[in-house]
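**Q** Task: produce atomic coordinates for the following.
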Amino acid sequence: MVVMKSDESVDDGATEGEGVLLRRTANYEFKGKHKLMVKTYQHNLQYVHLYTTRLNILKPRVLRAMQEKIGDNLLDSSTVSVSSNKSSPRKDVGGGAAAAAASPSKLSMGGSGSGTGGQAVTLVSISAIRPDQRRYAVVGTVQKRQHLKPSILKEVSEEHNLEPVLPRDNFVDEHCDQMFIEDNTQSLALTGNIKTHYSSHISCFAYFVYLLLSSGMVIGAIGRENSEGEFHVDQVFYPQWAEQDLSAVDLNPKEDSYLMFVSGLNIGADYEPVTLDMLAAFVSGDCGPSQSIAKNIVRVIVCGNSLSSNCVDKSLHSQARYLSKKSTVGSVLPLQTLDSLLQQMAASCDLDLMPGENDPCTAFLPQQPLHRCMFPKSRMFSSFNTVTNPYHFSVDTSEVVGCSGQNLKDIARYSKVSDELAALEMTLNCQVTCPTAPDTLPCYPLGKNRDDPFVIERQPRVYFAGNCSSMQYKHTCEGNQLLLCVPSFSETKQIVLVNLKDLKVTPVCFGVSLI
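**A** Residues are numbered from 1 along each chain as shown. Sure, this is the predicted structure:
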């Protein structure tokens with residue numbers, strides 16, 4: 001049984017009773033190909049270039065956000081001396097006093113809503129901050145230091161007769177975790193009170209750390225250094241959002257145009273073959289009343305985890321190769337089933353297949369497209385595409401950006417953010433799709449001349465994440481932007497249709513309980 005839930009009426013149109021389904025087409029472009037595709041992998045690169053590039057890209061956006069908040073009183077010509085006779089007991093690492101600070105400029109915090117009481121603030125690098133009760137503004141990368149975070153040194157601690165590390169789902173310790181801000185010169189511990197809504201059982205700053213920030217974010221902070229060498233924060237600024245180009249987008253189209261999102265097929269586990277057949281029939285328009293919608297589906301996005309994690313027999317990796325030479329790989333039959341499903345959908349509609357955490361692909365982000373040789377039936381169609389994760393493309397000038405869900409799961413492991421839509425909005429606020437990479441989320445090291453593949457360069461009209469526990473969505477930017485959590489199909493039997501005409505969301509449920 002197929003159940004469609006929507007606030008909008010569906011036109012029972014034109015193709016009912018006809019032998020051929022006349023499907024709507026749309027212009028398509030893979031926008032992020034130049035920075036998401038990894039042509040050559042160099043093992044001698046360090047991750048420092050990734051953090052440096054991210055900071056250099058987002059720092060101007062943070063400064064613009066600070067300027068908008070505090071008013072038009074940025075005085076670039078004034079230079080303020082920050083020398084101090086007092087020595088600082090600062091809690092920092094790296095850089096030290098040897099790093100030279102850039103010439104600071106003064107920010108007059110007299111703008112409405114700034115919460116600074118009109119006091120002057122000096123913009124400096126972290127190494128130039130002194131414990132002189134002056135108010136400073138700094139821009140840097142957030143770094144969380146969590147002693148429960150997995151470490152290879154702790155994993156081998158059994159060799160030294162130490163206590164082994166127990167498996168955990170969350171690595172937050174509200175009492176011992178610390179947060180630092182780091183730029184190209186130095187890092188500095190953060191503390192303070194942030195003006196927002198707080199939880200009652202933990203301190204204000206702890207709530208801010210666990211719910212609003214994660215490692216890898218680039219932020220601006222205003223405060224002063226206290227006697228303990230920590231930076232007491234009064235206000236935090238996220239980067240200014242990238243521009244959203246709506247000039248070429250028809251905001252008043254006459255016809256419906258749907259993007260279909262499906263994730264978490266998990267073929268190989270306890271899946272129902274009937275629901276997969278119903279899914280293929282829905283896309284191809286063979287599901288009776290769904291023809292009027294199917295003809296307007298311009299693209300199908302499969303958002304990762306198409307195969308189940310049970311398809312991988314981990315015991316084979318620990319055996320000698322000659323012992324597993326004649327073993328049957330557990331993913332062969334599920335892969336054939338997936339190929340048949342994709343073939344049916346690609347025969348009638350353009351389809352993009354993203355890799356996921358459980359799929360036969362490298363775990364390093366950005367995950368590279370699954371090899372087409374694994375899909376002998378589907379690859380015969382030009383409408384079948386294997387793409388990267390994260391994925392950035394445009395359909396009829398509407399830009400779409402999203403991931404297969406690893407970014408949200410990793411944020412949940414190292415923070416108190418349990419709501420997936422809130423985590424998705426957090427990544428949008430910081431303008432980085434995967435902020436925890438490479439700290440706790442594996443990714444490719446970045447060469448000196450490459451851009452950060454996770455920085456959002458243009459504000460998407462649709463921003464999604466796959467393999468979520470339930471469908472959630474939120475409209476922002478006065479209804480011109482959609483944040484979407486795509487549910488796992490194997491758990492919810494749901495797909496999601498997004499109408500590019502007005503960004504209305506239609507969940508479609510599949511089930512056999514009433515057949």
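**Q** Report the separation between Val508 and Ala294.
**A** 11 Å (CB to CB, to the nearest Å). C-beta coordinates here come from the backbone N, C-alpha and C atoms, glycine included.
**Q** Overlap in contacts, these two.
**A** Phe282 (CB atoms under 8 Å, 6 or more residues apart in numbering).
**Q** Just give me the residue closest to the centre of this protein.
**A** Thr433 (3.1 Å; CA atoms, centre = their mean).
**Q** Can you check the pLDDT for that one?
**A** Listed pLDDT for Thr433 reads 97.
**Q** contacting residues around it?
**A** For Thr433, the contact set (CB under 8 Å, 6+ apart) comprises Pro390, Val401, Cys403, Asn407, Thr427, Phe454, Ile456.
**Q** Give me the phi and psi for the first one.
**A** Yep, that's Pro390 we're talking about. With angles defined as degrees, to the nearest 10, Pro390 sits at phi -70, psi 170.
**Q** wait, doesn't it sit right on Pro366?
**A** Yes: using CB atoms under 8 Å, Pro390 is in contact with Pro366, at 5.7 Å.
**Q** Mutual contacts of these two, please.
**A** Leu36, Pro453, Phe454.
**Q** looking at these, which has the most residues close by?
**A** Neighbour tally across the shared contacts of Pro390 and Pro366 (other CB atoms under 10 Å): the maximum, 27 neighbours, falls on Phe454.
**Q** So in the protein, which strand runs the longest?
**A** Criterion DSSP state E: the longest strand present in the chain is strand 136-145.
**Q** Give the buried residues for it.
**A** Across strand 136-145, burial judged by 16 or more other CB atoms under 10 Å covers Tyr136, Ala137, Val138, Val139, Gly140, Thr141, Val142, Gln143, Lys144.
**Q** ok, now how distant is the first one from Arg224?
**A** Relative to Arg224, Tyr136 is positioned 6 Å away (CB to CB).
**Q** Quick check: neighbours shared by these two?
**A** Jointly contacting Tyr136 and Arg224 under the rule CB under 8 Å, 6+ apart are Phe231.
**Q** What segments of the stretch 301-450 of the chain are helices?
**A** Taking DSSP state H, counting those that start in this stretch as the test, the helices found in the stretch 301-450 of the chain are 332-346, 406-413, 420-429.
**Q** export the last one as CSV, just CAs?
**A** Just to be clear, that refers to helix 420-429. Only the C-alpha atoms of helix 420-429 are listed here, as CSV (Å, rounded to 0.1, in the frame of the first residue of the first chain):
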residue,chain,number,x,y,z
GLU,A,420,19.0,15.5,13.9
LEU,A,421,17.3,18.6,12.5
ALA,A,422,19.1,20.7,15.1
ALA,A,423,22.4,19.1,14.2
LEU,A,424,21.7,19.8,10.5
GLU,A,425,20.9,23.4,11.3
MET,A,426,24.2,23.6,13.3
THR,A,427,26.2,22.6,10.2
LEU,A,428,24.4,25.2,8.2
ASN,A,429,25.0,27.9,10.7
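**Q** then stretch 502-514 to CSV, C-alphas only?
**A** This file holds the C-alpha atoms of stretch 502-514, laid out as CSV (Å, rounded to 0.1, in the frame of the first residue of the first chain):
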residue,chain,number,x,y,z
ASP,A,502,7.3,26.0,-3.6
LEU,A,503,9.6,23.7,-1.5
LYS,A,504,6.6,21.8,-0.1
VAL,A,505,7.5,18.4,1.4
THR,A,506,5.4,15.3,0.7
PRO,A,507,6.3,12.1,2.6
VAL,A,508,5.3,8.9,0.9
CYS,A,509,4.8,5.7,3.0
PHE,A,510,5.0,2.1,1.6
GLY,A,511,3.6,-0.9,3.4
VAL,A,512,2.1,-4.3,3.0
SER,A,513,0.0,-4.5,6.1
LEU,A,514,-3.3,-3.6,4.4
